[in-house]
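Student: Need the 3D shape of this:
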Amino acid sequence: MQLHLSKKQKRATNLTIDADLLIKARELGVNLSSAAEAGLVQAVSAAMREKWLAENRQAIECSNAYIDANGLPLARYRQF
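Tutor: Got it, this is the predicted structure:
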């Protein structure tokens, strides 16, 4: 699952960040907005994946149970 972002609109926000981490980031010239956004994209993508898996867990389990009991439906046509 991939998160698609629009580049049109940005909003200012306040964040509370570990002081030592903030100092080190500034010393190294890390762009805080870009780093925070990249981390948030990763966290949101992971949460979306987990949500999708939870919502579809029953269907996945049923499909796996069917395959375990009956094999792949078109397995006889496989060339490998």
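Student: nearest spatial neighbour of residue 45, skipping sequence neighbours?
Tutor: Nearest residue to residue 45, sequence neighbours excluded (Cβ to Cβ, 6 or more residues apart in numbering): residue 3, at 4.7 Å. From N, CA and C alone the C-beta is placed, and that goes for glycine too.
Student: Return the residues in contact with the one you found.
Tutor: Contact analysis of residue 3 by Cβ atoms under 8 Å, 6 or more residues apart in numbering lists 41, 44-45, 48.
Student: gap between residue 67 and residue 38?
Tutor: Separation of residue 67 from residue 38 (Cβ to Cβ, to the nearest Å): 38 Å.
Student: For the longest helix belonging to the chain, which helices and strands make contact with it?
Tutor: Secondary structure assigned by DSSP state H gives helix 32-70 as the longest helix of the chain. If you count contacts as 3 or more Cβ pairs under 8 Å, 6 or more residues apart in numbering; DSSP states H and E, helix 32-70 packs onto helix 19-27.
Student: residues near residue 48, how many?
Tutor: Counted with other Cβ atoms under 10 Å, the neighbours of residue 48 add up to 13.
Student: if I look at it, how far off is residue 34?
Tutor: Taking Cβ to Cβ, one finds residue 48 at 21 Å from residue 34.
Student: related to what we said a few turns ago, let's test this: mean pLDDT of the longest helix of the chain, rounded?
Tutor: Helix 32-70 shows a mean pLDDT of 97.
Student: so how far is that helix from its chain's centroid?
Tutor: On the basis of Cα atoms, centre = their mean, to the nearest Å, helix 32-70 sits 7 Å off its chain's mean C-alpha point.
Student: And that helix, what's buried?
Tutor: Residues of helix 32-70 classed as buried by neighbour count (16 or more other Cβ atoms under 10 Å): none.
Student: and the angle from that helix to helix 19-27?
Tutor: Relative orientation of helix 32-70 versus helix 19-27 (axes from the mean of the first three to the mean of the last three Cα atoms, to 10 degrees): 110 degrees.
Student: change the start of the numbering to 21 and stick with it
Tutor: Got it, first residue is 21 now, which makes that one helix 52-90.
Student: What is the burial count for residue 29?
Tutor: Residues contacting residue 29 under the criterion other Cβ under 10 Å number 6.
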